[in-house]
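Undergrad: sequence and predicted structure, then a few things I'm wondering about:
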Amino acid sequence: MATTSSVCCYCGVGCGVLVESEGDRITGVRGDPAHPANFGRLCTKGSTLHLTARAEGRLLYPELRATRDAPRRRASWDEALSHAADRFAQTIARHGPDAVAFYISGQLLTEDYYVFNKLARGLAGTNNVDTNSRLCMSSAVAGYKLTLGADAPPACYEDIDHADLIFIAGSNTAWAHPIVYRRIEDARARSPGLRVIVVDPRRTATAADADLHLALEPGSDVALFNAMLCVLITEGFVNRDYIAAHTENFAEVERVARTYTPERAARITGVPAADIVRAARRFGTAGAALSLYCQGLNQSSHGTDNNAALINLHLATGQIGRPGAGPFSLTGQPNAMGGREVGGMATVLPGHRDPANPQHRAEIARLWGVPELPATPGKTAVELFQALDTGAVKAVWIACTNPAHSMPEQALVRRALEHAEFVVVQEAFRGAETCAYADVLLPAATWGEKEGTMTNSERRISRVRAAVPPPGAARPDWEIAADFARHLGRRLGRDALSTFAYRSAEDVFNEHREVTRGRDLDITGLTYGLLETLGPQQWPFPEGAQTGQTRLYADGVFPTATGRAHFHATEHRGVAEDVDEGYPLRLLTGRLRDQWHTMTRTGTVARLFAHEEEPLLTMHADDLAGCGLRDGDLAAISSRRGTAVLRARASKELKRGQVFVPMHWGRGFLSSSGANELMPSAFDPRSFQPELKHAAVRVGPASLSWRVVAYRRLNEDAADTLAVLRAWMGVLDYAALHLFGRDDTCVALDGAARGPLDAKTLAQLDRLLGMASPAALGYEDPARGISKRVLVVSDRLIGARLAGEVAGARWLKEVMRNGMAVGALRPWLLAPIASSATPAAARGRIVCSCIDVSEAEIRAAVAGGARLEELRTRLRCGTECGSCVPELRRLVTEAVGARAARAAA
Ligand code: SF4
């Protein structure tokens, strides 16, 4: 068995992992105790990474189709890349370089990103190279540049240990960055004086755990931050000496802030004026105030202003450049930072340069050995898909991202991909929705199979290492891009042989390193060898440095023309699309604890569905009733752009007038594109980041009275079974797929329709599930539209399909999940039996997925008086990765509150 140190490929915390492998198989993963991002800890997602490292469901060989109507066929790498190069070269020759585009990903390694960027700008001659980081971090980029002069998060994780106040805005850190949250929990346990304030419209796990929760109206962050600044000014908490010595434009910001009195802001934000004052006083009196922020600020049609207004608070109080202080954006994706460093976005050039700056373009052209770089601004993500739709862009190369799920306004994106003349998709997982649109499909290596580097939220560069070779003919992304460049160069008559002659990821890194020389992120002192001996390092790390720089701007000098930080005055603008009579509810979107992005990877692990098995539409209980719904009903949610059907649940997390849908589910696991079907394409004019957090919607009953539920134990054929079920579920008006099981993986289909499906369609489902066997037991009652089938093999239930009457479904699921012997239960398998009436009672939602402890078991324990420590010792929940601990605390607090209420009554 071999052990390879690498990095988790999910969020921007950038945890170090030790990957265990035997031969070409990854067998386990542990947290790396030596990595400074996590010191050995991993969350639920990171600790199950090895379960995602399987050949099933992977793309193994290049495929291409000569025409849109033809099926794709297997091809060699040379044939596939030659075909792609022909089509790209023809498009450039006929329509110019801006008729082609590259849409890449914050999940690529820095080396991959670098080569794609050079391919687009240095060879194809277009700035049309953008990334899914546009959906994630571009407002943070714009906010930093506008105020501090460079896209450089000034703080680091260590600052959590030194802060007196942690101000979390627009981030459910407990779920989206769990290992950062573990560090916050440790700091709170060590320092009882540490206070946590959370700004979020929802009472998330993070908000419920806070000392103060400011539940603002969506889109009102600027008003809140301006009002806090107003209090800081009027109560004398601003640091006039710091402002005078190190900043500019405060007078303008002060003038604007004074107009946002707490009372005015309370009317805009819905946050009580007293709470605004409390928050401001905490900020103003903190010895060190650290802000952590993420998509809640960024994914807004004025995300840059949101960022700038928060940074204004830090500049006004001098809360920056010191231990425990600073505005610290948490990156959503594992290498969004690396992409920003190499210029992997249309709006930036390598080394934090600007494509609109002729000198910067000339510098990069010289370093790359090309005559010039294009001056025409490149299309950012939303613009790029709009241009594909109109035909302005004709050929697109999509790598390591899934826009047919992740982009807003999915109807437009689907249309754009259908209108495109030529689509290349470079991807690891066959199940990614975007693969369906590929004219050329290229198999990419993925986590555990690639060499390179990634940069996490705190500017720390880590080595990513390959533990095993990629399966089939899959190749590293940088290698595919470089090979394509050589093919394209020949057709364009340009020298790509020498400019893309990399032999290894290290060759690419060394070239990238040189591009940073003299820039704010200078890493000319770093090598793969140094990263090997010193471990992960923060930038800047210039030539001659002994170590990276922990935090920035300690000297109060900023990388602006004047050396001063720039206060940026901001006004409240609200949301892009407000509610009205037709669409009276506010849809909020967000992430769940155990899923990642579009589920191409986490959607292959059964235990990651145990916390939330389907995408629930949650809303206040009064709104649920007002929409004519009961808890658990199927609801239709519509915006001006589309409709999705989802199961509705009452939630105490939401204020009246708001609904929440998680962003992970798309057509891979659902009969609609989920939340992103509904979101608008509106974007911030500075950062070009779309408003993925808010849309105006209406909700009502879906009126789908006929149900079908099917379960099937999966073998090696898991990916194939999922694929055929995905294709079949189009016959239903609602369908959701999920996996379940602990040792064995089973798939569940939950579907509904307006009326019964005909016998032929149900028989087709039985065949797809392998249940058409004569050995299957059946029950038919056509008059009542009821049809059931179960398959028992070797006294184990391996499949069940219930249609028209599904009362026994959860019990059957539990029988299958437990793998229990059917034995004497056989006569009951087709009965409409309630789950609680059987020995295998349904356990329901699993809160602790490491130890497999259900919410029901925890509620029973806390109802008996158990507190957190007792839960840990008695049930062992929360003792492994710790991701469930905020929820355990909430369940304990709720039980204590309920007991107190009963006692008072
Ligand atoms: Fe991976 Fe979890 Fe660490 Fe994020 S917090 S990098 S998902 S282990």
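TA: Cool, got the structure.
Undergrad: can you give me the domain assignment for the chain?
TA: As given by automatic domain parsing, the domain ranges for the chain are 2-52, 73-136+335-518, 138-329, 585-701, 706-828, 846-904.
Undergrad: CA atoms only for stretch 182-196 - export them in PDB, please.
TA: Taking C-alpha atoms only, stretch 182-196 is exported to PDB below (Å, rounded to 0.1, in the frame of the first residue of the first chain):
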ATOM      1  CA  ARG A 182     -14.000  23.600  13.200                       C
ATOM      2  CA  ARG A 183     -11.300  26.100  13.800                       C
ATOM      3  CA  ILE A 184     -13.800  28.700  14.800                       C
ATOM      4  CA  GLU A 185     -15.400  26.300  17.300                       C
ATOM      5  CA  ASP A 186     -11.900  25.600  18.700                       C
ATOM      6  CA  ALA A 187     -11.200  29.300  19.000                       C
ATOM      7  CA  ARG A 188     -14.600  29.900  20.800                       C
ATOM      8  CA  ALA A 189     -13.900  27.100  23.200                       C
ATOM      9  CA  ARG A 190     -10.500  28.600  24.000                       C
ATOM     10  CA  SER A 191     -11.500  32.200  24.200                       C
ATOM     11  CA  PRO A 192     -14.900  32.800  25.800                       C
ATOM     12  CA  GLY A 193     -14.700  36.500  24.900                       C
ATOM     13  CA  LEU A 194     -14.700  35.700  21.200                       C
ATOM     14  CA  ARG A 195     -17.900  36.800  19.600                       C
ATOM     15  CA  VAL A 196     -19.400  35.600  16.300                       C
END
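Undergrad: re the thing from before, kindly reformat the domains of the chain as a markdown table containing mean pLDDT and mean neighbour count.
TA: C-betas here are computed from N, CA, C, even on glycine. As requested, the domains of the chain are arranged in a markdown table below (pLDDT from 0 to 100; neighbours: other CB atoms under 10 Å):
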| stretch | mean pLDDT | mean neighbour count |
| --- | --- | --- |
| domain 2-52 | 97 | 21 |
| domain 73-136+335-518 | 97 | 22 |
| domain 138-329 | 98 | 23 |
| domain 585-701 | 96 | 22 |
| domain 706-828 | 91 | 18 |
| domain 846-904 | 92 | 18 |
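Undergrad: out of the ones you listed, the one nearest the ligand is which?
TA: Closest to the ligand of those is domain 2-52 (CB to the nearest ligand atom; 2.3 Å).
Undergrad: so the closest one, near the ligand or not?
TA: Yes: against the ligand, domain 2-52 shows contacts by CB under 6 Å from any ligand atom at 8, 10-11, 13-15, 38, 42-43, 45-46.
Undergrad: turn these into TSV, columns for secondary structure.
TA: Output for those, formatted as TSV (DSSP: H, G, I helix; E, B strand; the rest coil):
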residue	secondary structure
Cys8	coil
Tyr10	coil
Cys11	coil
Val13	coil
Gly14	coil
Cys15	coil
Asn38	coil
Leu42	coil
Cys43	coil
Lys45	coil
Gly46	helix
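Undergrad: distance to Tyr61 added to the domains of the chain, as CSV?
TA: Compiled in CSV, those are given as follows (distance: least, CB to CB, whole Å):
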stretch, distance to Tyr61
domain 2-52, 17
domain 73-136+335-518, 5
domain 138-329, 35
domain 585-701, 18
domain 706-828, 15
domain 846-904, 34
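Undergrad: wait, which of the ones you listed is closest to Gly525?
TA: Nearest to Gly525, of all those, is domain 73-136+335-518, at 8.7 Å by CB to CB.
Undergrad: is the ligand within reach of that closest one?
TA: No: contact of domain 73-136+335-518 with the ligand (CB under 6 Å from any ligand atom) is absent, the minimum separation being 7.8 Å.
Undergrad: who's in contact with the residue most central in space within the chain?
TA: By CA atoms, centre = their mean, the chain has its centre lying nearest to His597, at 3.8 Å. Applying CB atoms under 8 Å, 6 or more residues apart in numbering to His597 gives the contacts 333, 402, 406, 664.
Undergrad: that one sits in which helix or strand?
TA: Assigned by DSSP states H and E, His597 belongs to no helix or strand.
Undergrad: measure the residue located most distally from the centre of the chain to Leu441 for me?
TA: Distance to the chain centre peaks in the chain at Ala783, reaching 46.8 Å (criterion: CA atoms, centre = their mean). In this view, Ala783 and Leu441 are 48 Å apart by CB to CB, to the nearest Å.
Undergrad: what helix or strand is the residue of the stretch 201-350 of the chain found nearest the ligand on?
TA: When scored by CB to the nearest ligand atom, the stretch 201-350 of the chain has Pro334 as its residue closest to the ligand, at 6.6 Å. Of the helices and strands defined by DSSP H and E, none includes Pro334.
Undergrad: tell me how many other residues crowd it.
TA: Here the count is done by other CB atoms under 10 Å, and Pro334 has 29 residues near it.
Undergrad: how much space separates it from Leu109?
TA: Using CB to CB, Pro334 is found at 9 Å from Leu109.
Undergrad: likewise for Gly96?
TA: Relative to Leu109, and taking CB to CB, Gly96 is found at 31 Å.
Undergrad: Arg698 now?
TA: Using CB to CB, we find Arg698 at a distance of 43 Å from Leu109.
Undergrad: and for Pro218?
TA: Going from Pro218 to Leu109 by CB to CB gives 35 Å.
Undergrad: what of Gly378?
TA: From Gly378 across to Leu109, the span is 22 Å (CB to CB).
Undergrad: likewise Arg134?
TA: Using CB to CB, Arg134 is found at 18 Å from Leu109.
Undergrad: can you pull the contacts of Glu613?
TA: Contacts for Glu613 were tallied using CB under 8 Å, 6+ apart; they are 738, 740, 748, 845.
Undergrad: in three-state terms, label it for me.
TA: Looking at Glu613 with three-state DSSP, the answer is coil.
Undergrad: name the next helix or strand downstream of the helix or strand Tyr144 falls within, please.
TA: For Tyr144, the host element (DSSP H and E) is helix 138-148. Downstream of helix 138-148, the first helix or strand assigned by DSSP H and E is strand 165-169.
Undergrad: what are the pairing partners of that next one, and which direction each?
TA: strand 195-199 (parallel), strand 289-293 (parallel) (DSSP bridges).
Undergrad: adding distance to Gly326, write those out as JSON lines.
TA: Shown next, in JSON lines, are the strands paired with strand 165-169 (distance: least, CB to CB, whole Å):
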{"stretch": "strand 195-199", "distance to Gly326": "16"}
{"stretch": "strand 289-293", "distance to Gly326": "6"}
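Undergrad: quick one: closest of the ones you listed to Gly344.
TA: Closest among the strands paired with strand 165-169, using CB to CB: strand 289-293, at 22.0 Å.
Undergrad: off-centre distance for the helix or strand following the closest one?
TA: Of the helices and strands lying after strand 289-293 in sequence (DSSP H and E), the nearest is helix 295-298. Helix 295-298 sits 12 Å away from the centroid of its parent chain (CA atoms, centre = their mean, to the nearest Å).
Undergrad: starting at the chain centroid, how far to the following helix or strand past helix 295-298?
TA: Remark: after helix 295-298, the chain's next helix or strand is helix 303-317, criterion DSSP H and E. The gap between where helix 303-317 is centred and where its chain is centred comes out at 24 Å by CA atoms, centre = their mean.
Undergrad: after helix 303-317, which helix or strand is next?
TA: Note on helix 303-317: by DSSP H and E, the next helix or strand toward the C-terminus is strand 326-329.
Undergrad: that next one: partners in the sheet, and parallel or antiparallel?
TA: If you go by DSSP bridges, strand 326-329 pairs up with strand 289-293 (parallel).
Undergrad: tell me the angle of the partner strand relative to helix 138-148?
TA: Angle of strand 289-293 versus helix 138-148, following axes from the mean of the first three to the mean of the last three CA atoms, to 10 degrees, is 150 degrees.
Undergrad: quick one: distance of strand 289-293 to the chain centre.
TA: With CA atoms, centre = their mean as the basis, strand 289-293 stands 20 Å off its chain's centre.
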